[in-house]
Each structure stands twice: as structure tokens, then as C-alpha cells.
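J.: Predicted model follows, preceded by the sequence.
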Amino acid sequence: MKYLEVKINDAAAIKELSDLAVKILREHYDPIVGVTQNDYMLCKFQSVSSITEQLKNGYIYYFVCDLSGNKLGFLAYYPRKDDMYLSKFYLLKEQRGKGISKDMLQFVIEKTKEAGLSSIVLNVNKKNSAIKAYEKLGFIKIGEEKNDIGNGYFMDDFVYKYCIN
């Protein structure tokens, strides 16, 4: 796998990332949270303006590419005081189940070590089939949260942690 960082001054890459996010998240989350909430979440978290704002606030985004440069998905993370927060970890539907997520996690582990941190934390919707994948990768459930994201919508999540030896 190759990882291509999305820089704040690259408007074309940010637009491409937003479009890829909409494609992946529409397919994956419409059945989980419904079209209306997903529309709201896509606008709030994956629009060009929201990705740009996230980049300004310390998020680090990467396209996940095959060796030919084809974009297969994306990930995003940011360092917190005690851990690396893995905010986005997504693959196109046809790329799932091929072991790519193991490589993606290894990439995030290296970035976490470089930041001097020893664990990775993420939130995952309680109804998300990706829970099995996270557990297979070695994440352990450490809690649950229900976060108000506005407009009467909530994210009802489990919190998972991966400890780096």
C-alpha cells in the first residue's frame, strides 16, 4: 500500500477526498443511521469545508492507494494528550476483506510511535459491521458514548483502544 497525505493547500485533493468519503459512507452508513442522518453527517464531517477545517485543527488525512496509485480508501487521525485518535478508517466496499486494513493499522501504529504515543483510540457505531474487523485487528472495547452531533442526531458508539507494545 501507498499513503498519500492530503495537504491543506491542495484543494483538488480535498475535493477528491470528500467525494470518496461520500461514496464510501453513503453505501456503508445509509443502512445503519438512515439517509437523512447520513446526509447531515456527510455535510458536517466530510464536506470540503469541514475537511479543510479539520486539517487546520490538526487532523492528518491520507488516501490509501494500491501500488499503481489507485485510491482504495482513506484514513485520518490526530494526536491527543494520551493517545492517537483514529477518526477515519475507510475502504471502498470492493476492497474490504483483503487484508488492507492490517496494512492501514500498521501505518497508523508507526505514525503513533513517531508522535511518542502508545495507544490508538477510535469510536465505532454500535451497529457497524466494522466492529468485527476492529476486534480482529486487536482493538479492545473500553467503553461507549452517545454524542450529540446537532440537528437532533446522536452518534451512539462503542469506544475501542489498541495498545502498542
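T.: Yep, that arrived. Residues are numbered from 1 along each chain as shown.

J.: Which strands or helices does the longest helix along the chain pack on?
T.: Ranked by residue count and defined by DSSP state H, the top helix of the chain is helix 11-33. Counting contacts by 3 or more C-beta pairs under 8 Å, 6 or more residues apart in numbering; DSSP states H and E, helix 11-33 is packed against strand 2-6, helix 35-46, helix 48-56, strand 60-65, strand 71-79, strand 84-91, strand 119-125. Quick note: C-beta positions are derived from backbone N, CA and C, even for glycine.

J.: what's the spacing between residue 96 and residue 160?
T.: 18 Å (C-beta to C-beta, to the nearest Å).

J.: So for the helix or strand of the chain with the lowest mean pLDDT, what gets flagged as buried?
T.: Least confident helix or strand of the chain, by mean pLDDT, DSSP states H and E, is helix 35-46 with a mean of 88. Residues of helix 35-46 classed as buried: 37-38, 40-42, 45-46 (neighbour count, 16 or more other C-beta atoms under 10 Å).

J.: Can you list phi and psi of residue 94 for me?
T.: Dihedral pair for residue 94: phi -70, psi -10, per degrees, to the nearest 10.

J.: Just say helix, strand or coil for residue 82.
T.: coil (DSSP: H, G, I helix; E, B strand; the rest coil).

J.: Pull the contacting residues for it.
T.: Going by C-beta atoms under 8 Å, 6 or more residues apart in numbering, residue 82 touches 117, 119.

J.: What's the separation between it and residue 30?
T.: On the measure of C-beta to C-beta, residue 82 and residue 30 end up 34 Å apart.

J.: What of residue 95?
T.: From residue 95 to residue 30 the distance is 19 Å (C-beta to C-beta).

J.: Between those two, which is the more surrounded one?
T.: Ranked by neighbour count (other C-beta atoms under 10 Å), residue 95 and residue 30 place residue 95 first, with 17 against 14.

J.: who touches residue 56 in this structure?
T.: Contacts for residue 56 (C-beta under 8 Å, 6+ apart) come out as residue 8.

J.: Identify the bridge partners of the residue nearest to the spatial centre of the chain.
T.: In the chain, the residue lying closest to the centroid (C-alpha atoms, centre = their mean) is residue 88, at 0.7 Å. Residues in a beta bridge with residue 88, per DSSP bridges, are residue 76.

J.: Cool, thanks, talk later.
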